[in-house]
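Novice: coords please:
(2 chains)
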Amino acid sequence: MRFIPLAGLLLGLGAFCTGAQAAPQNNGNAFNPGIGLVLNGTWASYPTAAGNRQIPGFMLGDGAGLVQQGFGLGESELDLASNFDNLFTGFGALSFHENHGQDSVEVELAYLSTIAMSDGLQVTAGKFFSAFGYQNSRHAHVWDFVDQPLVYEAMLNNQYSDPGLQLTWLAPTDTYLLFGAEVFSGDHFPAEGAAHSGNGANTVFMKTSQDVDDSNTWFAGLSYMSARSVNRASLGTQDPAFSDVSDLNGPVFTGTSDIAGVDFVWKWAPHGNFYERNFVFQAEYLHRSEKGAVAPFNCAVGTSCFGGSLYSGKAEGWYVQGAYQWMPQWRFGLRYDRMTSDNSVTGFYQPASLLAGGYAPHRESAMIDFSNSEFSRIRLQFNRDQSGPTSYNEVFLQYIVAMGAHPAHTF
Amino acid sequence: MRFLKPTFILLALCFSAPAFADLNVFSCEPHWTALVNEIGGSHVSITTATGAYNDPHFIQARPSLISAMRKADLVVCNGADLEVGWLPVLMQQGARDTVQPGQPGYLDASQYVQLLQVPSRVDRAQGDIHPYGNPHFQTDPRVFSAVAPELAKRLAQLDPSNAADYEKRYADFKTRWDAAVAKWTQEAMPLKGMKLIAYHDGWVYMSTWLGIDVVGFLEPKPGIPPSPGHLADLLAQIKGEGVAGIIYTPYEDEQAPDWLAERGGIPKALIPDTVGADGDKDLFQFYDLMIAQLLKLHGGGK
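Specialist: Below you'll find the model as predicted:
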């Protein structure tokens, strides 16, 4: 027997989850959490103008935009995972990246989950990725493309995470059926501002899945998010009509964003043998309605110069993508993104960026990647980016490597 | 040889059986399903996570398995990190308190097996190695002799009303199994000293049991697919060392074994590493098949 019973009990899941060596020792290291480091680096080539991210009809959060030109250290993360005790397990991730010479470190995730309550209930608390949609809770190192789908970039600032609480219930059925709800502080796009009594975003979701046979599995989900914002800033450039108020940013928004999403995933691998060959199809559709006021950056709600206009917007966006691994180590993938918006702004302030004039942002992407092992991947991606009226060609080279303990991946 | 896919694997993979059994068992690999069937009989209904056609290192954490985990009374797995890529997700999301590690509802078979190849140095430059030792121990039937009494004990503990029956079925299995192991060991006597090349380093328990010498692997490092350069090295080894044959499993690509067997002028054999790839319905038939395949290789592939 390799575990002594006590260490087995206490360390069991932690060591088990992380693959860390857990030989009984009598120094303090025995209870160290599983530690993993994921490095994600990119090299990007695109016309400089493309880097000034504008998507007509959409107010973008600060996470939107392309990875920097040339070499860049993308979203890399240091993960810690362990059980706290017999009731709670936890995960912490510090993410760090470098952008135009600025190093930044942020708490990407820090949460605890119940290991096992009874009757399929599970509670998660802390800062975590919302279970909204399919792509939102997936870590950057398991994305099939360098970047998030356009609709995630535009509506969820790439990926929505916030401090909050999640409750899920797994139905006792043969068919996978999960129901969940989340409450969040609402400090991050699409929510913003602390002036909502500490609860600025809520979600509900359900997910279901079935195996069709031993080679095919489908997965589908429905999600709904309601987010409130007070003075939510957006990316943008000086609007010439409002240069007198030093409007160096896009419009600020105060109001509500309600987003509904449908997601569908199909995975195929002959006899479930993913190692040899597999195909993953993924599609999501998001519909958003926003209501509230928009104002120039320096004349937001609460300032004396408030010069807001009434704003009501409807937007939708979808993507379909497929990634095919035709032999061990090698995959290629295609993705198509498309969005439309129908916004009305009533008032003196008429931000040009919100009024798309019927333009439908879209993008075609193709990628090929090589994974020497489970722990390293190199990817080449090409985007034909028409998220704005000018179309740009973008080329990305990316490496993703993982060292140390690495949590198992969800479906 | 044609490997027909028996319908039962398909069913076992996809759906858990009706819920009126006394115990719901979540089995990570088909050989545990077979063992649980021997001892549990009609008292158990079993969901099997992997099949003979997929690599147990690399399956997806399918949501259907999470649903099965949620209802499981007993989880039986090889352990020793074989399932580390997916089982933790199922355990976490299945949210079943009684089958967590350390509970009677979690049977980690590796705890009852003397693991081989425990590395003294752990570095992923060596490939996808297992820090606890080689987890592919189901290729030695004596492993089941070691795990079966614990399984019988757990079943009785979790379902006391049928304890007597589990005990009786275990005693019956033990008698038949001991006889079978003696028979296979006897039949395999001529294999002592036979040299083989395997696809993945998954046969050390079989080779230790039977005195076979696995001298090389198609994978240059565990988890890394065969490369032309490495195959050329193996070819030289075949010529130099008198290798009798090449073995690979149903979930490993046969191109490289084909190429090497043809160039090296030696036979190859598909040898499943778990129950259910070739119409074998239980552990007895699985080992019958393994021994038959090995003897065939020994006879030059005829």
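Novice: element containing residue 236?
Specialist: Reading this off chain A. Using DSSP states H and E, A:G236 sits within no helix or strand.
Novice: my question was about chain B, not that one.
Specialist: Assigned by DSSP H and E, B:A236 falls in helix B:228-241.
Novice: which residues touch the helix or strand following that helix?
Specialist: Using DSSP H and E, the helix or strand that directly follows helix B:228-241 along the chain is strand B:245-248. Applying C-beta atoms under 8 Å, 6 or more residues apart in numbering or on different chains, the external contacts of strand B:245-248 come out as B:196-199, B:203, B:218, B:254, B:257, B:260-261, B:264, B:266-271, B:293, B:297-298, B:301. Quick note: C-beta positions are derived from backbone N, CA and C, even for glycine.
Novice: ok so, going back, who touches the helix holding B:A236?
Specialist: With contact meaning C-beta under 8 Å, 6+ apart, helix B:228-241 is reached by B:195, B:197, B:215-216, B:218, B:220, B:243, B:256, B:259-260, B:263-264, B:266.
Novice: picking that back up, which of the contacts of strand B:245-248 fall within strands?
Specialist: Using DSSP state E, the members of those that fall in strands are B:196-198, B:268-270.
Novice: closest one of the residues you listed to B:D165?
Specialist: B:L270 (37.2 Å; C-beta to C-beta).
Novice: who's that closest one bridged to?
Specialist: When assigned by DSSP bridges, B:L270 has beta-bridge partners B:Y248.
Novice: how many neighbours does it have?
Specialist: Neighbour count for B:L270, taken as other C-beta atoms under 10 Å in any protein chain shown: 19.
Novice: just checking, it touches B:D258?
Specialist: No - between B:L270 and B:D258 there is no contact under C-beta atoms under 8 Å: 11.0 Å.
Novice: quick one: the helix holding B:A236 to chain centroid distance?
Specialist: In terms of C-alpha atoms, centre = their mean, to the nearest Å, the centre of helix B:228-241 is found 28 Å from the chain centre.
Novice: same deal with stretch B:284-293?
Specialist: Worked out by C-alpha atoms, centre = their mean, stretch B:284-293 lies 13 Å from the chain centre.
Novice: in the stretch 201-302 of chain B, where is pLDDT below threshold?
Specialist: B:302 (pLDDT under 70).
Novice: skipping adjacent residues, who's closest to the closest residue to chain B within the stretch 251-400 of chain A in space?
Specialist: Chain B sits closest to A:H271 of the stretch 251-400 of chain A, with a gap of 3.4 Å, by C-beta to the nearest C-beta. Among residues not flanking A:H271 along the chain, B:Y53 sits closest, at 3.4 Å (C-beta to C-beta, 6 or more residues apart in numbering or on different chains).
Novice: list the contacts of that neighbour.
Specialist: B:Y53 neighbours (C-beta under 8 Å, 6+ apart): A:214, A:270-273, B:5, B:9, B:250-251, B:277.
Novice: what is the nearest of these to A:S130?
Specialist: When those are compared for distance to A:S130 (C-beta to C-beta), A:G272 wins out at 29.4 Å.
Novice: neighbours of that closest one, how many?
Specialist: Using other C-beta under 10 Å, A:G272 is surrounded by 28 other residues.
Novice: can I assume it is in contact with A:D214?
Specialist: Yes - in this structure, A:G272 is within contact of A:D214 by C-beta under 8 Å, at 5.4 Å.
Novice: give me phi/psi at the residue of the stretch 251-400 of chain A closest to chain B?
Specialist: phi 50, psi 30 (degrees, to the nearest 10).
Novice: helix or strand: which one has the residue sitting nearest the centre point of chain A?
Specialist: In chain A, the centroid-proximal residue (C-alpha atoms, centre = their mean) is A:Q159; its distance is 2.5 Å. Using DSSP H and E, A:Q159 falls within no helix or strand.
Novice: so B:E38 sits against B:A171, correct?
Specialist: No - judged on C-beta under 8 Å, B:E38 makes no contact with B:A171 at a distance of 11.3 Å.
Novice: which one's more surrounded, these two?
Specialist: B:E38 (22 against 12).
Novice: what about that one, which SS state?
Specialist: Here B:E38 takes the helix state, with states given by DSSP: H, G, I helix; E, B strand; the rest coil.
Novice: and the helix or strand harbouring A:R363, C-alpha only, in PDB?
Specialist: Secondary-structure element containing A:R363, defined by DSSP H and E: strand A:362-373. This file holds the C-alpha atoms of strand A:362-373, laid out as PDB (Å, rounded to 0.1, in the frame of the first residue of the first chain):
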ATOM      1  CA  HIS A 362     -18.000  38.800 -39.300                       C
ATOM      2  CA  ARG A 363     -14.700  36.800 -39.400                       C
ATOM      3  CA  GLU A 364     -13.400  33.600 -40.900                       C
ATOM      4  CA  SER A 365     -10.600  31.700 -39.100                       C
ATOM      5  CA  ALA A 366      -8.500  28.700 -39.900                       C
ATOM      6  CA  MET A 367      -6.000  27.000 -37.700                       C
ATOM      7  CA  ILE A 368      -3.700  24.100 -37.600                       C
ATOM      8  CA  ASP A 369      -2.000  22.800 -34.500                       C
ATOM      9  CA  PHE A 370       0.600  20.200 -33.400                       C
ATOM     10  CA  SER A 371       0.700  18.700 -30.000                       C
ATOM     11  CA  ASN A 372       3.900  16.900 -29.300                       C
ATOM     12  CA  SER A 373       2.400  15.600 -26.100                       C
END
